[in-house]
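Q: Quick one, structure for this:
(chains A, B, C and D)
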4 protein chains.
Amino acid sequence: MEQPKRWWSAFRAEMAQVIFGHDTPAGKAFDVALIAAILASVTAVMLESVATIRAEYGTWLKTVEWGFTLLFTVEYVARLICVQRRLRYATSFFGLIDLASIVPTYISVAFPGTQYLLVIRILRVLRVFRILKLAEYVGEADVLMEALRASRRKIAIFIATVFAITVVCGALIYLIEGRTPGFTSIPKSIYWTIVTITTVGYGDIAPQTAMGQLLASAVMLLGYAIVAVPTGIVTVELSRVRRGASVKCATCASAGHDDDAKFCKRCGGSLAAPAA
Amino acid sequence: MEQPKRWWSAFRAEMAQVIFGHDTPAGKAFDVALIAAILASVTAVMLESVATIRAEYGTWLKTVEWGFTLLFTVEYVARLICVQRRLRYATSFFGLIDLASIVPTYISVAFPGTQYLLVIRILRVLRVFRILKLAEYVGEADVLMEALRASRRKIAIFIATVFAITVVCGALIYLIEGRTPGFTSIPKSIYWTIVTITTVGYGDIAPQTAMGQLLASAVMLLGYAIVAVPTGIVTVELSRVRRGASVKCATCASAGHDDDAKFCKRCGGSLAAPAA
Amino acid sequence: MEQPKRWWSAFRAEMAQVIFGHDTPAGKAFDVALIAAILASVTAVMLESVATIRAEYGTWLKTVEWGFTLLFTVEYVARLICVQRRLRYATSFFGLIDLASIVPTYISVAFPGTQYLLVIRILRVLRVFRILKLAEYVGEADVLMEALRASRRKIAIFIATVFAITVVCGALIYLIEGRTPGFTSIPKSIYWTIVTITTVGYGDIAPQTAMGQLLASAVMLLGYAIVAVPTGIVTVELSRVRRGASVKCATCASAGHDDDAKFCKRCGGSLAAPAA
Amino acid sequence: MEQPKRWWSAFRAEMAQVIFGHDTPAGKAFDVALIAAILASVTAVMLESVATIRAEYGTWLKTVEWGFTLLFTVEYVARLICVQRRLRYATSFFGLIDLASIVPTYISVAFPGTQYLLVIRILRVLRVFRILKLAEYVGEADVLMEALRASRRKIAIFIATVFAITVVCGALIYLIEGRTPGFTSIPKSIYWTIVTITTVGYGDIAPQTAMGQLLASAVMLLGYAIVAVPTGIVTVELSRVRRGASVKCATCASAGHDDDAKFCKRCGGSLAAPAA
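A: Alright, predicted model coming up:
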């Protein structure tokens, strides 16, 4: 009675190595095939949305879409079967993306149109960085993430301030340009303020009165000036992470020291002989 | 006769702790309720400006607006009563915002339309940073402020130069494109120059002649290039403030240690007791 | 016979101190009056360009303009008389601006319209930085200038590369979108490329074909990416200039050394022991 | 029989010095003449694309174009003859540009219109940096290149993430704004997303529904925020390259050391006395 269970366990371990691993030839082949399938299916979804192409190849593309969905469903079930900690995978970033990339097809039977949400599949391609020179790329992503995490408080204050400015400017322009087409309500005027402060500037809504253009100029210059703030924050944090990354204390193994540090800032041990 | 005064004094202290404090449960509850009320009232003002919503719920939203205004009036009076230094509060940034967030409703009785200025209330929400992990957030805001203050002179020169360039380019484009719709006067042409130099580019006014497009290209490239200057200034100052971070070694008096440094990176002396 | 000459020489020195100096009360009063006159005259020129204002106050504004021009002509002659090295002043930046801010009025007698070039006067206001906290502001301007000068070669390569890319992309979009209104010639298409690569995006000319929109996307992403390069260059140079400022030679007290300088670049003294 | 060969070899060496060298008077004159010819021929191609000019000077410009093409063909053959390693030149960046700048004229006999690709010639002008203060400029270009190369992995992750976000946002806006003119398919909607996220904002396609404008605001703010990331990356790498550039190890001649490095990071030799 023990035999089938042991066989099953060996099979699961084997499958896990193919699906989640990137080191064995089979694992690499699986990864490449998966990414090819993702790109092909996203292309199919995108092409299906073009009216002239849908008119001619609509049925064919629908079939392809269902084929890929069934394939990804099988893959998702296989992942659930062979993974060690199921709940953790199912609630992880890529676990949720994997689920979100098959569900829309099934929903589209009841609600037509939702199948276009399948392009969420493209996010699965971000896995590619785990394959190509694995460690290095993930390390770089960590550096970017750490820089953003380290500056999250400054960025929160910055976004809250910009948001408050946007609402106040939106209300002001609504008061000034209330009769110009486009500035029909405060929410619409806030939309215009965001379009202006981010220097996008569609031009579908534009102030016509002298006062409105004066306020618009102020908003533009403000937007032009404050772009310097997030750039400064990210640069400084990136530069800190970057410099600190290479040196490690020989005594307490802590990292994050300055370039010119001679003694560990945590334990006071000398940093002069890291390898001695 | 002393009794009522003492009672009053105790009540004032208690009230001050609830309204201005963020540490007691009552103080925190008050803060959260206040922010909820602010967001709700701003939403009401914004919805009231949408024509279709005003047609249906206009009277109801007006009532809500008056309710919040009375509430904030009571709160403002309470703040004035319980604060130690009244004039200082009344003329502080948040004191003026508190006043400006109730006055428009009363003025709107005489001048309809001004009630939309009530969105100034949204600025009161910036108080939220005093509540959530108080010290840290305010510290980060100080870092941003110090960086901007340290670079205020460079920024002043930069703005004056950009302003002068804008006026000169505005006059030039007016001379060149005088007959193109939109370039009807120098002020309008300066408005166009600001729209272009900040890379907003609405497109409601655009040069039509070859000479005008040549000048426009120059203005665009100039705008594209000079955005580098404020970014550079802020980054350098941020990086200085960040690194400098107030800590000095008690042994060798060197500065420029990291925030989390415990030992001087130059002499290895402890940074733990900077004032001892 | 010596007497009148000596009197003349003393008068010239006195006048020079009033006109060029900023330290005596008379010199400061002259500076403030000059800037007020400049701003007033530029405002007059700008107002004169607005059709509705010109219709009503045209004659009056013309008179004001001539008044200011005569005033500035007298001032220019006075500067020429009292300055020590006349040719050097006349060919300096502010000397040429001073001349350019009076000439257009006289030319406008023959060629109407050129009087709008008088807004060049606004550039004279940049002198204000010599008055307000003189040394500090000019020092900051020097830091900015030095940072730009130090990075001039990198910026030259950058601009040449961007220019070459712009010409090539302009020709490509002309080939692709030749029949779309707006893309009527390569120069026009290059204008569109500049509008796009600087992220201004007027929208008066926009690609309509799929191929054109694909190329436009590439140009946009390119523009979005390369804005990082000048910003990086200026930031690094600013940071170098900034950091160099802190080290001072113990022997000759000169500043502005590189981070890694061990000997003073002016006197050759060791920089190793600044405080010893 | 040896004589003609030796003469040929001497002639080739002489020619190589004129064509590829920049130090002899003849070499410099050749470079200047070449750049003048390139700029003249590109101007001719650009002018030929303007309808009004083509109508009047079309035949003349065509002749000029053929003249320059024959000239550049002779030059290309001469380069091939006198260069030492022919294949290496022919497949190098400038070798391919040299070829691409003559081929379109010949092709245009069969396919009219392709002659506009001749503007590729403008890329040849980048050679100018080899002439003007040769070593320094090329050194600066190397610094820029090295900074970009060092940050290629972070940039790859950044671009892949932005690309994935763009595809997902494009599909979402297509679902929301499907009936608004312009959002006719997912590829068109992705084009709009790129126009918005890079803050170009033509305005030929703009969301009309409240939901669409909400999503557009999110995309704009995202685009505004993420411009900080490439800027930060390039700045940090530029700053690293910049600082390391000047110091070279006296023992192993390796470069790229930190400012404050005292020992070579490759061989451990002292950096203190680079020239001693």
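Q: element containing A:Val64, please.
A: helix A:51-82 (DSSP states H and E).
Q: and the helix or strand following that helix, how far out from the chain's middle?
A: Later in the chain than helix A:51-82, the nearest helix or strand by DSSP H and E is helix A:86-90. Its chain's C-alpha centre and that of helix A:86-90 lie 20 Å apart, by C-alpha atoms, centre = their mean, to the nearest Å.
Q: Buried residues, helix A:86-90. List them.
A: Residues A:Tyr89 are the ones in helix A:86-90 that count as buried (16 or more other C-beta atoms under 10 Å in any protein chain shown). In short, each C-beta sits where N, CA and C put it, glycine included.
Q: Now do the following helix or strand past that helix and helix A:51-82, the angle between them.
A: Later in the chain than helix A:86-90, the nearest helix or strand by DSSP H and E is helix A:93-100. With axes from the mean of the first three to the mean of the last three C-alpha atoms, to 10 degrees applied, the angle from helix A:93-100 to helix A:51-82 works out at 130 degrees.
Q: isn't A:Ile165 right up against A:Leu222?
A: Yes. In this structure, A:Ile165 is within contact of A:Leu222 by C-beta atoms under 8 Å, at 7.1 Å.
Q: what sits in contact with each of these two?
A: Shared contacts of A:Ile165 and A:Leu222 (C-beta atoms under 8 Å, 6 or more residues apart in numbering or on different chains): A:Ile197.
Q: Are there helices or strands packed against the helix holding A:Val64, and which ones?
A: helix A:2-20, helix A:25-48, helix A:86-90, helix A:93-100, helix A:103-110 (3 or more C-beta pairs under 8 Å, 6 or more residues apart in numbering or on different chains; DSSP states H and E).
Q: does chain D sit close to the last one?
A: No. For helix A:103-110 and chain D, the contact criterion (C-beta under 8 Å from any C-beta of the partner chain) is not met; the two come no nearer than 10.0 Å.
Q: In three-state terms, label A:Gly201 for me.
A: coil (DSSP: H, G, I helix; E, B strand; the rest coil).
Q: no wait, A:Gln208
A: Going by three-state DSSP: A:Gln208 is coil.
Q: before we move on, what about A:Lys154?
A: Quick answer, by three-state DSSP: A:Lys154 is helix.
Q: hmm, back to that, I'd like to know which of the helices and strands packed on helix A:51-82 is closest to chain B.
A: helix A:93-100 (25.2 Å; C-beta to the nearest C-beta).
Q: who touches the closest one?
A: Helix A:93-100 is contacted from outside by A:72, A:75-76, A:79, A:89-90, A:117, A:120, A:123-124, A:127, using C-beta under 8 Å, 6+ apart.
Q: rerun that using 6 Å as the cut-off
A: Under the criterion C-beta atoms under 6 Å, 6 or more residues apart in numbering or on different chains, residues A:76, A:89, A:120, A:123-124 lie in contact with helix A:93-100.
Q: Could I get the buried residue list for it?
A: A:95, A:97-99.
Q: and chain A, which residues reach chain C?
A: Contact residues, chain A versus chain C (C-beta under 6 Å from any C-beta of the partner chain): A:Gly203.
Q: okay, which residue is most central for chain A?
A: Centroid-nearest residue in chain A, with C-alpha atoms, centre = their mean: A:Leu123, separated by 7.6 Å.
Q: show me the contacts for that residue.
A: A:97, D:164.
Q: re earlier: in the helix holding A:Val64, what's buried?
A: A:57, A:61-62, A:64-65, A:68-69, A:72-73, A:75-76, A:79, A:82.
Q: of all the buried residues of helix A:93-100, which comes closest to B:Gly178?
A: Relative to B:Gly178, the closest of the buried residues of helix A:93-100 is A:Ile97; by C-beta to C-beta it sits at 56.7 Å.
Q: So that closest one versus A:Leu117, what's the distance?
A: Distance of A:Ile97 to A:Leu117, given as C-beta to C-beta, to the nearest Å: 12 Å.
Q: now swap in A:Tyr106 and tell me
A: 11 Å.
Q: Overlap in contacts, those two.
A: Common contact partners of A:Tyr106 and A:Leu117 (C-beta under 6 Å, 6+ apart): none.
Q: Neighbour count for these two, which is higher?
A: Applying other C-beta atoms under 10 Å in any protein chain shown to A:Tyr106 and A:Leu117 shows that A:Leu117 carries more neighbours, namely 20 against 13.
Q: OK, contacts around the more buried one?
A: So A:Leu117 contacts A:Pro104 (C-beta under 6 Å, 6+ apart).
Q: Helix, strand, or coil at it?
A: helix.
Q: cool, and the one 3 residues further on?
A: In the three-state summary, A:Ile120 is assigned as helix, counting by three-state DSSP.
Q: ditto for the one 3 residues further on
A: The assignment at A:Leu123 comes out as helix when based on three-state DSSP.
Q: quick revisit: now the helix holding A:Val64, how far from the centre of its chain.
A: In terms of C-alpha atoms, centre = their mean, the centre of helix A:51-82 is found 24 Å from the chain centre.
Q: tell me the mean pLDDT for that helix?
A: In this model, helix A:51-82 carries a mean pLDDT of 90.
Q: Between the helices and strands packed on helix A:51-82, which one is closest to D:Glu14.
A: helix A:25-48 (54.4 Å).
Q: List the buried residues for the closest one?
A: So, applying 16+ other C-beta under 10 Å, buried residues of helix A:25-48: A:27, A:30-31, A:34, A:37-38, A:41-42, A:44-48.
Q: circling back: quick check: which of the helices and strands packed on helix A:51-82 is nearest to D:Ile155?
A: Nearest to D:Ile155, of these and by C-beta to C-beta, is helix A:25-48 at 20.0 Å.
Q: Any idea how far the closest one is from the middle of the chain?
A: With C-alpha atoms, centre = their mean as the basis, helix A:25-48 stands 19 Å off its chain's centre.
Q: Could you look up the SS state of A:Asp23?
A: Classification of A:Asp23 using three-state DSSP returns coil.
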